[in-house]
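Peer 1: sharing a model that was predicted from the sequence below.
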Amino acid sequence: AQKVTQAQTEISVVEKEDVTLDCVYETRDTTYYLFWYKQPPSGELVFLIRRNSFDEQNEISGRYSWNFQKSTSSFNFTITASQVVDSAVYFCALSEDNYGQNFVFGPGTRLSVLP
Amino acid sequence: DSGVTQTPKHLITATGQRVTLRCSPRSGDLSVYWYQQSLDQGLQFLIHYYNGEERAKGNILERFSAQQFPDLHSELNLSSLELGDSALYFCASSVASGAPYNEQFFGPGTRLTVL
C-alpha cells in the first residue's frame, strides 16, 4: 500500500537559516503524483506544488525548492533564507493517479522559524 | 482569499445526527475535493468530483456521502455522527482540464464538533 513518511515531527530554525523538510514515499505504481501543502497557524491549507513521477527535474520557486529523487523515493522541500512567515505545518502527499485515487498525506512537519 | 467558500464555518451537533457541509468552488473550477483533518487520523482525502461526476474516493465512510450539483457547488453529507467525526473538513477546487491536480485552492474549512 502507498505510504508517506515525514520523519521530522518538528523543526525549529532561526530566521535566514535554510531548512529542508524530508518526505519519503512508498508506492508500487510507476505513475504517481507528489504534493506539498502548507498549513499556517491560521489553519487554511495552501497547495505548494504537484509533481508527477516522470518529471524528476528539481523545481525552484523563489525561496522554495524541491528535490525529487526516485532512486531514494524522496521528495524533499527546502526553504532558503527562512522567514517567520514560513512557520507552518507542511504536509507531503502522494496520489496514485491523476484524480486522487489512493491519495495519502504524510503526518506533517511543524516548522517554527524564530526571529 | 482563495475564492473557495465553505459554509458553515463551525457546526456543533450531537451524536446520531446528520449534517450537510457546503462548498462553492472558484468560478470556472470544475473539480471539487473534500478532505478531513482530525487529531487522530491527520489529513485524509475523502472524495473528488469533476463536473458533477465522482472521480475518486478516498477514506470516506459509508455514513458519508457527497455530490456536486450542476452549478458545481458540492455538498458533503455526514450522517449517524459519532464523536470521532469531529474534525476540520476542507474542500478544494481546481480547474481540472486534463490535469486536475495541477493546483488546488482550498476553502477555509468547516469545523465540526460532535458532542
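Peer 2: Everything's here; your move.
Peer 1: rest of the way, CA atoms for contacts and neighbours
Peer 2: Fine.
Peer 1: can you tell me the closest non-neighbouring residue to A:D97?
Peer 2: Spatial nearest neighbour of A:D97, excluding adjacent residues (C-alpha to C-alpha, 6 or more residues apart in numbering or on different chains): A:Y32 at 5.6 Å.
Peer 1: where exactly do the helices run in chain B?
Peer 2: Counting by DSSP state H, chain B has no helices to list.
Peer 1: how about the lowest-mean-pLDDT helix or strand in it against chain A, any contact?
Peer 2: Among the helical and strand segments of chain B, the one scoring lowest on mean pLDDT, DSSP states H and E is strand B:53-57, with a mean of 90. Yes: on the criterion C-alpha under 8 Å from any C-alpha of the partner chain, strand B:53-57 is in touch with chain A at B:55-57.
Peer 1: how close does the residue nearest the centre of chain B sit to A:A7?
Peer 2: The centroid of chain B falls nearest to B:W34 when counting by C-alpha atoms, centre = their mean (3.1 Å). To A:A7, B:W34 is 26 Å away according to C-alpha to C-alpha, to the nearest Å.
Peer 1: what residues does chain A put near chain B?
Peer 2: Counting by C-alpha under 8 Å from any C-alpha, chain A sits next to chain B at A:43-47, A:49-50, A:98-107.
Peer 1: which of those are buried? Put it as a ChimeraX command.
Peer 2: In ChimeraX, a selection of the buried entries from the residues of chain A next to chain B looks like this (16 or more other C-alpha atoms under 10 Å in any protein chain shown):
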select /A:45,46,47,49,50,98,99,100,101,102,103,104,105,106,107
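Peer 1: now, the residues of chain A next to chain B that are in strands?
Peer 2: Here DSSP state E is the test, and the residues of chain A next to chain B give A:46-47, A:49-50, A:104-105 as lying in strands.
Peer 1: want to throw these into JSON lines with pLDDT?
Peer 2: What follows is those, written out as JSON lines (pLDDT from 0 to 100):
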{"residue": "A:V46", "pLDDT": "94"}
{"residue": "A:F47", "pLDDT": "91"}
{"residue": "A:I49", "pLDDT": "91"}
{"residue": "A:R50", "pLDDT": "89"}
{"residue": "A:V104", "pLDDT": "92"}
{"residue": "A:F105", "pLDDT": "94"}
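Peer 1: spatially, which two of those residues are the most separated?
Peer 2: Greatest spatial distance among those (C-alpha to C-alpha): A:V46 and A:V104, at 16.3 Å.
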